[in-house]
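Colleague: Give me a model of this one.
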Amino acid sequence: MHDYKIKKTVQRVVVLTQTNASDYERFLVIFSSGESELFEFSKVDDSLTWIESEKTREHDCELRGCDFNIKLGLIVTADKNGVIRIWTHEKVFLREI
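Modeller: Residues are numbered from 1 along each chain as shown. Predicted coordinates:
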């Protein structure tokens with residue numbers, strides 16, 4: 001077991017899987033700083049895993065919105081400065097608008 005210490009204010013948690021769709025649930029924890037972390041919960045062994053993801057394209061300010069399209073496997077984030085970023089389900093940066 002590993003500790004994951006959160007030293008930031010959590011703004012929102014976005015579920016990235018359908019309930020009861022599999023033995024795993026993935027979710028994105030969004031912090032008020034604009035950063036986010038990806039986690040996966042295993043129903044099989046009752047464990048929570050932090051998934052390392054790209055940090056170079058994180059938002060520099062508070063996020064105002066985040067959504068996930070399960071069919072496309074895309075995450076969309078928008079910050080208070082109007083920057084919109086599109087990510088894969090694995091939180092790999094794709095595009096900025």
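Colleague: which element is the most centrally placed residue in the chain on?
Modeller: Closest to where the C-alpha atoms of the chain average out (C-alpha atoms, centre = their mean) is Leu28, at 2.5 Å. Using DSSP states H and E, Leu28 sits in strand 24-31.
Colleague: Show me which residues of that strand are buried.
Modeller: Within strand 24-31, the residues that qualify as buried are 25-31, counting by 16 or more other C-beta atoms under 10 Å. (C-beta placed from N, C-alpha, C; glycine too.)
Colleague: thinking again about what came up before, pretty sure the residue nearest to the centre of the chain is touching Glu58, no?
Modeller: No - in this structure, Leu28 is not within contact of Glu58 by C-beta atoms under 8 Å, at 12.0 Å.
Colleague: what is in contact with those two at once?
Modeller: Ser36 (C-beta atoms under 8 Å, 6 or more residues apart in numbering).
Colleague: picking up where we left off before, might you calculate how far the helix or strand just after the strand holding Leu28 sits from the centre of the chain?
Modeller: Later in the chain than strand 24-31, the nearest helix or strand by DSSP H and E is strand 36-42. Relative to its parent chain, strand 36-42 has a centroid offset of 7 Å by C-alpha atoms, centre = their mean, to the nearest Å.
Colleague: Just the CA atoms of the very next helix or strand once past strand 36-42, as CSV, please.
Modeller: Under the assignment DSSP H and E, the closest C-terminal helix or strand after strand 36-42 is strand 47-51. Extracted in CSV, the C-alpha atoms of strand 47-51 (Å, rounded to 0.1, in the frame of the first residue of the first chain):
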residue,chain,number,x,y,z
SER,A,47,-7.4,-1.0,-4.4
LEU,A,48,-6.9,2.6,-5.6
THR,A,49,-4.0,3.3,-8.1
TRP,A,50,-2.6,6.6,-9.1
ILE,A,51,-2.0,6.7,-12.9
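Colleague: Packing partners of strand 47-51?
Modeller: If you count contacts as 3 or more C-beta pairs under 8 Å, 6 or more residues apart in numbering; DSSP states H and E, strand 47-51 packs onto strand 36-42.
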